[in-house]
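Student: structure, please.
(2 chains)
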Number of protein chains: 2
Amino acid sequence: MSKIKYDFGSGRSDPSTFPVESLKKAAVKAIENEATFLTEYPGNLGHEGMRIAMAQRESQREGVEVDPNHLLLTNGSMQGVTLSAETLQEAHGDPILIEEFSYPGTLSAYRNLKFDMQGIELDESGMRPDKVEEALERGKRENRLPKFIYTISTYQNPTGFVMPKSRRLELIDLGKKYGVPIIEDNCYADVHYEGPLEPALYALDDDPNIIYLCSLSKILAPGFRLGYIYSKPPMLERLLARRSDAGSNSLAAAITAEFYKDGIGGHAKVANPVLHEKRDLTLSSLEENLGEICVWSQPVGGLFIWVRIPEDVDRAKLWSSSREEGVAYLPGQSFHYARKDVAYLRLAFGHLTPDQISEGIPVLARCLNAARTSNESRQFESLF
Amino acid sequence: MSKIKYDFGSGRSDPSTFPVESLKKAAVKAIENEATFLTEYPGNLGHEGMRIAMAQRESQREGVEVDPNHLLLTNGSMQGVTLSAETLQEAHGDPILIEEFSYPGTLSAYRNLKFDMQGIELDESGMRPDKVEEALERGKRENRLPKFIYTISTYQNPTGFVMPKSRRLELIDLGKKYGVPIIEDNCYADVHYEGPLEPALYALDDDPNIIYLCSLSKILAPGFRLGYIYSKPPMLERLLARRSDAGSNSLAAAITAEFYKDGIGGHAKVANPVLHEKRDLTLSSLEENLGEICVWSQPVGGLFIWVRIPEDVDRAKLWSSSREEGVAYLPGQSFHYARKDVAYLRLAFGHLTPDQISEGIPVLARCLNAARTSNESRQFESLF
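Tutor: Just a heads-up that it's a prediction; the model follows:
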């Protein structure tokens, strides 16, 4: 196999805007000031300064009060995904609701935890509430209510869509009506390019059955493995009781808190425009090279573009020839809750250079055209 | 409640030897050199430099080859505890074998995972192989073999005992005879004060059913949340497949790898003598203040002393009066696999100052004497 030159596979932040000098200074200061704290166990909530910084981040974006004592720091948002699921799980085989296409990390974690995942259809406004209600009603009838609903409501991964406020309210009402908690994964938060922001579910309702997950992986760096859960009592106590990892990394938290001591805005103002340009470049390269046979999302935030490809593409051939040509992407199947091999692929653009994007997309297009088994023109106009 | 002035409760490293200046330098270098890696996901094994440093640590202590590609970095050794258990678990209620007294973090994790813990009696050489064999034989007869044996064979927590080599070999043989994996938790490794070292189980046998857990919490700092699993294929692949946390903290790993680039010996030579002195001081304070009514372990490594107290001590009263007087400790019950309220307590001495130790033990002794319900002299001569 050739070396991967154009890695559209992995959703990472932009390395050119990684703030090396500021982080070096922050590290020196944090290690100096927090020496004693570093020789202690972090506790179940974790480094206070980091929780205060993240509560401010939330508060500024959502316009509501966020109590730092209701935030618990986690090892990336992935620990939030598993800890919240473990807390709500009663037995192997418990049913849960999840967007039909979702983040492979979450899918893998839920498979490992032996949940019975029920996929909810998506449209361009995210998870469909009518389908959620159908599933909840069926669960109620069969005395087998889902343990929770997991949703990436903003810059949904992989589709990139944002759920409008009205639908968020519907979802919250459904959760309350059936007594089913909602896990809201907002790990792309603050990677925003244009247009209005939709509020987080927790900002619309005080229901403690809303568990909110967030991350630093996309606005700073995935290697820091910093995320958090925001949850109100009594759910908070349940999460803390289920936690048995002796706490999350204080060194990374202390350094990051110091780095963000004036808020997250400064770095976001540098990083987001660079990502925005790469999104635009990816979109225009797609238009130029695949506009006649594919359709794709136009995400207003996040790091991914979801591409619908013709059904007549030999997907195994596309995969192997792309790898041969040095192009990586993630196939639609990786995102399907039941691993269905669907005619989609996801392109991540965050960490590639502009040159890699403008060179890589034509290579992918060539492989895609070569993997077609017919010459028909496009048979669909929308993503779903 | 009064403020805790003498915290013998929590097992932490010594703050006075925390290497602030060296870590500041290491942080600056690591952030500079590893900027690109930090913007990537760490991968399932984690930061290569850190794995190489830890493979060398193991290799030097144990005198065997350790492949850095068979090490996976974890969030402290606690993630090793849960990940290995989750990997070997088939169903809730699965039986496992564990030392009758063990680390509360592990007990809590196993309770959360709904294991049926079967406690194995200890003596001054650790877990008793005759009792292990009895339990395995019973499991075999009932077609309900334990999924694994968990042991802290070196500086056992809380008892401080070290399992001799002959018993380690017996345990390995039993694991093989019954096909039951052994999880060896060596999280106090390298906190060694005197006498010969006993080999790790993995150094005695290549059996891939031996899963080894280790940590940096005791030789460097718990706030770094760095640990690792050393495991040979095919067990390694099973652990990696079960992992779904998107990897462990690269920032802490990169800084620590840089700090330890010349081996772990330099810092251990500074930190261990300080801990050694505090152990001696705690032992002599105990002798002076409680020598007539208690017995305790004389650990050759680790951070804990296990104290057997008279049965006639009102343990609830001891707990509350000690807290009133500013003394914290962990009661025996915290360590019992089935939460039995036993007449023991554990004293941690790692992070207290010498003054806190020599002032605190007499306070504890006063509370203990005041909580006695008789004036009988000591009724026992040994810890068990």
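Student: C-alpha from now on. contacts and neighbour counts both.
Tutor: Noted.
Student: where along the stretch 1-150 of chain A do the helices fall?
Tutor: Remark: helices assigned in the stretch 1-150 of chain A by DSSP state H, counting those that start in this stretch are A:20-33, A:35-38, A:48-62, A:76-88, A:104-112, A:129-141.
Student: from the chain's centroid, how far away is the second one?
Tutor: Between the centre of helix A:35-38 and the centre of its chain there are 32 Å (C-alpha atoms, centre = their mean, to the nearest Å).
Student: right, is it up against chain B?
Tutor: Yes: for helix A:35-38 and chain B, the contact criterion (C-alpha under 8 Å from any C-alpha of the partner chain) is met by A:A35, A:T36, A:F37, A:L38.
Student: show me what that helix packs onto, helices and strands only.
Tutor: Counting contacts by 3 or more C-alpha pairs under 8 Å, 6 or more residues apart in numbering or on different chains; DSSP states H and E, helix A:35-38 is packed against helix A:250-259.
Student: which residues sit against the helix it packs on?
Tutor: The contact list for helix A:250-259 (C-alpha atoms under 8 Å, 6 or more residues apart in numbering or on different chains) reads A:22-23, A:26-27, A:29-31, A:34, A:37-38, A:42, A:46-47, A:49-50, A:53, A:224, A:226, B:223-225, B:249, B:251-252.
Student: before we move on, what about stretch A:192-209?
Tutor: Residues from elsewhere that reach stretch A:192-209 (C-alpha under 8 Å, 6+ apart): A:62-64, A:154, A:162-165, A:168-169, A:172, A:180-182, A:184, A:186, A:210-212, A:231-235, A:272-273, A:276, A:300-302.
Student: again, but for stretch A:27-44
Tutor: Outside stretch A:27-44, the residues touching it (C-alpha under 8 Å, 6+ apart) are A:72, A:240, A:243, A:246-251, A:254-255, A:258, B:12-15, B:18, B:20-21, B:23-25, B:27-28, B:220-224.
Student: that older thread, now, which of the residues of helix A:35-38 next to chain B sits nearest chain B?
Tutor: Minimum distance to chain B across the residues of helix A:35-38 next to chain B is 4.4 Å, recorded for A:L38 (C-alpha to the nearest C-alpha).
Student: quick one: pLDDT of the closest one?
Tutor: pLDDT for A:L38: 95.
Student: what of A:M1?
Tutor: Note for A:M1: predicted pLDDT of 51.
Student: kindly report the same for the one 3 residues further on.
Tutor: With respect to pLDDT, A:I4 scores 94.
Student: so who does the closest residue to it other than its chain neighbours touch?
Tutor: Once flanking residues are discounted, A:I4 sits nearest to A:G326: 4.1 Å by C-alpha to C-alpha, 6 or more residues apart in numbering or on different chains. By C-alpha under 8 Å, 6+ apart, the contact set of A:G326 is A:S2, A:K3, A:I4, A:K5, A:Y6, A:D7.
Student: which ones among those map onto strands?
Tutor: Using DSSP state E, the members of these that fall within strands are A:Y6, A:D7.
Student: now the contacts of A:G326 as CSV including distance to B:G265 and neighbour count?
Tutor: Below are those laid out as CSV (distance: C-alpha to C-alpha, whole Å; neighbours: other C-alpha atoms under 10 Å in any protein chain shown):
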residue, distance to B:G265, neighbour count
A:S2, 42, 10
A:K3, 39, 12
A:I4, 40, 14
A:K5, 41, 15
A:Y6, 43, 25
A:D7, 41, 22
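Student: of the contacts of A:G326, which is the nearest to chain B?
Tutor: Checking the contacts of A:G326 against chain B by C-alpha to the nearest C-alpha gives A:D7 as the nearest, at 11.9 Å.
Student: any idea what the closest one is bridged to?
Tutor: Listed beta-bridge partners, A:D7: A:A328 (assigned using DSSP bridges).
Student: would you confirm that it contacts A:E325?
Tutor: No: with contacts counted by C-alpha atoms under 8 Å, A:D7 stays clear of A:E325, the gap being 11.2 Å.
Student: of the residues of helix A:35-38 next to chain B - the most surrounded one?
Tutor: A:L38 (26 neighbours; other C-alpha atoms under 10 Å in any protein chain shown).
Student: mind checking how far it is from B:L23?
Tutor: Per C-alpha to C-alpha, to the nearest Å, A:L38 is found 12 Å from B:L23.
Student: ok, A:L283 - contacts?
Tutor: Neighbouring residues of A:L283 by C-alpha under 8 Å, 6+ apart: A:Q298.
Student: list the buried residues for the helix or strand harbouring it?
Tutor: Using DSSP states H and E, A:L283 sits in helix A:265-290. Neighbour counts over helix A:265-290 (16 or more other C-alpha atoms under 10 Å in any protein chain shown) mark A:267-268, A:271-272, A:274-276, A:278-279, A:281-283, A:285-286, A:289-290 as buried.
Student: run a quick neighbour tally on the nearest residue to A:Q156 once chain neighbours are set aside.
Tutor: Leaving out its chain neighbours, the residue that sits closest to A:Q156 by C-alpha to C-alpha, 6+ apart is A:V162, at 6.4 Å. For A:V162, the count of nearby residues is 20 (other C-alpha under 10 Å).
Student: quick check: pLDDT value at whichever residue of the stretch 251-384 of chain A sits closest to chain B.
Tutor: As assessed by C-alpha to the nearest C-alpha, chain B sits closest to A:L251 within the stretch 251-384 of chain A, at 5.5 Å. The model reports A:L251 with a pLDDT of 97.
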